[in-house]
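Colleague: structure, please.
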Amino acid sequence: MYPDSLKNLIEAFKCLPSVGEKTAERFAFSVFDFDEDQIALLKDSLEDVRTKVHPCSRCNVLTEEDLCSICQDEKRDSKVLCVVEDVKSVFLFEKIGMFKGKYHVLNGLISPLDGINPEDIGIDKLLDRIQNEHFDEIIFAFKPSIEGETTALYIKKILDGFSLKITKLANGVPIGADMEYIDSLTLERALNDRKEVS
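Modeller: Residues are numbered from 1 along each chain as shown. Have a look, this model is predicted:
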């Protein structure tokens, strides 16, 4: 029914999370209302994100430079490290603006049922940082789930020989919730009321 170019655009939009047929069609038809500058911006932005953005060489936060702006910021507390499961969690914390330490992004959480083992999530890189940068506190900011608990306990066991305070977010974050869907007040309270990992 649609010309091939329009069909292809609809299929491209359907690749986005939570975008079904109707929404993809709406997005595709809205492109007809774009002027040349808007089309160029969309095209260039997609290409730039694909070619310029990559993980920070130190913490894995997305950046266009070797080190991200958080790692470069000397005003941040370099004694506190917040360990998260994905980059979206960092941006969520940065939006609420109350955490002033450093971050480390893992490549997900340990999940043996899904075939994701400790060596698959980049724990070695985290351990290298902890040994070389001399943190006082490590905060685990994982979603409250079996995978989150397993990952926290696994890393804590490895760190038992270190003189570190190891904490996790308080239980204001509901079990099974994805970090990106938690409101900022709940996340702020969970960060403030973090508990030591036992």
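Colleague: just the strands from this protein, written as ranges.
Modeller: 54-55, 62-63, 80-84, 102-105, 137-141, 165-168, 195-196 (DSSP state E).
Colleague: biggest helix in this structure, by residue count?
Modeller: helix 36-52 (DSSP state H).
Colleague: contacts for that one, please.
Modeller: 31, 34, 64 (CB atoms under 8 Å, 6 or more residues apart in numbering). Bear in mind the C-beta positions are built from the backbone N, C-alpha and C, glycine included.
Colleague: change it to 10 Å
Modeller: The contact list for helix 36-52, computed with CB atoms under 10 Å, 6 or more residues apart in numbering, reads 12, 31, 34, 35, 62, 63, 64, 65.
Colleague: I'd like to know how many residues surround residue 163.
Modeller: Neighbourhood size, residue 163 [other CB atoms under 10 Å]: 7.
Colleague: could you do residue 152 as well?
Modeller: 22.
Colleague: was I right about it contacting residue 158?
Modeller: No: counting by CB atoms under 10 Å, residue 152 does not reach residue 158; the two are 11.1 Å apart.
Colleague: where in the chain is pLDDT low?
Modeller: 171-177, 185, 189, 198 (pLDDT under 70).
Colleague: distance check, residue 47 against residue 82.
Modeller: According to CB to CB, to the nearest Å, residue 47 stands 32 Å off from residue 82.
Colleague: ok, these two, which is more surrounded?
Modeller: Between residue 47 and residue 82, counting by other CB under 10 Å, residue 82 is the more crowded of the two (23 against 10).
Colleague: against residue 100, how distant is that one?
Modeller: Here residue 82 is placed at a distance of 10 Å from residue 100 (CB to CB).
Colleague: excluding covalently adjacent residues, which one is nearest to residue 180?
Modeller: residue 88 (5.0 Å; CB to CB, 6 or more residues apart in numbering).
Colleague: hang on, isn't the one you found packed against residue 182?
Modeller: No: contact criterion CB under 10 Å: residue 88 and residue 182 do not qualify, at 11.2 Å.
Colleague: more crowded one of the two?
Modeller: Neighbours were counted for residue 88 and for residue 182 using other CB under 10 Å; residue 182 has more, 20 against 13.
Colleague: got the phi and psi for the more buried one?
Modeller: Backbone torsions of residue 182, given as degrees, to the nearest 10, read phi -90, psi 130.
Colleague: run a quick neighbour tally on residue 10.
Modeller: Residues near residue 10, counting by other CB under 10 Å, number 19.
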